[in-house]
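[1] Return atomic coordinates for the entry below.
(one chain, ligands or ions: 1)
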Amino acid sequence: MRFDVVTIFPEYLAVLDVSLLGKARREGLVDVHVHHLRDFTFDRHRTVDDTPYGGGAGMVMKAEPWALALEHVAAASPAPAVGERPVLVVPTPSGRPFTQATARELARREHVSFACGRYEGIDERVFGWAEERFEVRLVSLGDYVLNGGEVAALAMIEAIGRLVPGVVGNPESLVEESHEDGLLEYPVYTKPSVWRDREVPPVLLSGDHGKVAAWRRSQQEERTRDRRPDLWGAFTAPGPDGSER
Ligand SMILES: CN1CCN(Cc2ccc(Cn3ccc4ccc(-c5n[nH]c(N)c5C#N)cc43)cc2)CC1
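    Take a look at the predicted model:
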């Protein structure tokens, strides 16, 4: 799988050389190419931003450097599967939520590129133009404001990259992903069984797999009900045929 990232802060992406994804890159499972947006400017100051039309605070990223950078990325793109265009993910506070389902869907693609904006965002016309070459996805990491798209891209690349076959050593650890069944994960414990007078729940030491599974599911439901009423509502909503879960 190939990732391309366009940014004015390429050093932000250096962390992708570390740990799991670093190993995956060295093993050729994942390929990451980072492009400096300023390499696609031609004025003395390598200008990538300007004042917003209509007024308002801050600066907006100019369209032309983005078009040149994304044309470069598209040209380097491995041939997409028949009927597929390469995906361009644009992290933005106004995007659709990035979820585990999004990560799973994108992990099936050959090539995913990221346009990491800064300032107050990218000239909107870039996204319409990019639709000619890419399947454009405006995606948000969460309902809070970051200073740019790089941190979001890192999180998304990690979430997607770990799902690429071979990247995570033990594929079984991908089976019980958080949120996959619509519930939060259950609590985990390891040795010692008593730590600073705090015991591991006895059921986990019982050796009774059925009871362990039931306890874990109960914990998932309790946590979800307590911490994520939004997920709990969706989980308990009647099915399409009116059936209860
Ligand atoms: C007219 N005004 C109306 C208010 N907006 C608000 C605003 C918009 C962007 C930024 C900074 N920024 C620039 C590029 C960029 C990409 C992603 C994210 C991001 N933040 N949070 C997420 N989950 C993110 C993701 N994914 C932030 C970014 C700051 C403040 C500005 C324009």
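
[2] what about Leu68, distance to the ligand?
    Per Cβ to the nearest ligand atom, to the nearest Å, Leu68 is found 19 Å from the ligand. From N, CA and C alone the C-beta is placed, and that goes for glycine too.

[3] Also His111?
    As defined by Cβ to the nearest ligand atom, His111 lies at a distance of 20 Å from the ligand.

[4] Give the bridge partners for that residue, please.
    Applying DSSP bridges to His111 yields these beta-bridge partners: Arg2.

[5] and what of Val194?
    Glu199.

[6] Surely Val34 touches Phe9?
    No. Assessed by Cβ atoms under 8 Å, Val34 is found out of contact with Phe9, at 9.7 Å.

[7] Show me what the biggest strand by length in the chain is packed against.
    Using DSSP state E to define each element, the chain has its longest strand at strand 87-97. With contacts taken as 3 or more Cβ pairs under 8 Å, 6 or more residues apart in numbering; DSSP states H and E, strand 87-97 sits against strand 111-115, strand 135-140, helix 150-161.

[8] Give me the more crowded residue out of Val34 and Phe9.
    Taking neighbours as other Cβ atoms under 10 Å, Val34 and Phe9 compare with Val34 leading, 20 against 15.

[9] Using the three-state scheme, assign the more buried one.
    Assigned by DSSP: H, G, I helix; E, B strand; the rest coil, the conformation of Val34 is strand.

[10] give the contact list for it.
    By Cβ atoms under 8 Å, 6 or more residues apart in numbering, the residues touching Val34 are 4-5, 7, 10, 13.

[11] With Arg216 instead?
    Counting by Cβ under 8 Å, 6+ apart, the residues that Arg216 touches are Tyr186.

[12] looking at this, it is in a helix?
    Yes. Arg216 forms part of a helix when assessed by three-state DSSP.

[13] Show the pLDDT at it.
    Arg216 carries a pLDDT value of 98.

[14] circling back: which strands and helices sit next to the very next helix or strand once past the longest strand of the chain?
    Per DSSP states H and E, strand 87-97 leads on to helix 100-106 as the next helix or strand towards the C-terminus. Applying 3+ Cβ pairs under 8 Å, 6+ apart, we find helix 100-106 packed against helix 150-161.

[15] Also compute the angle for the helix it packs on relative to strand 111-115, please.
    170 degrees (axes from the mean of the first three to the mean of the last three Cα atoms, to 10 degrees).

[16] which parts of helix 150-161 are buried?
    Residues 150, 152-154, 156-161 are the ones in helix 150-161 that count as buried (16 or more other Cβ atoms under 10 Å).

[17] Considering only these, which also neighbour the ligand?
    Ala152 (Cβ under 6 Å from any ligand atom).
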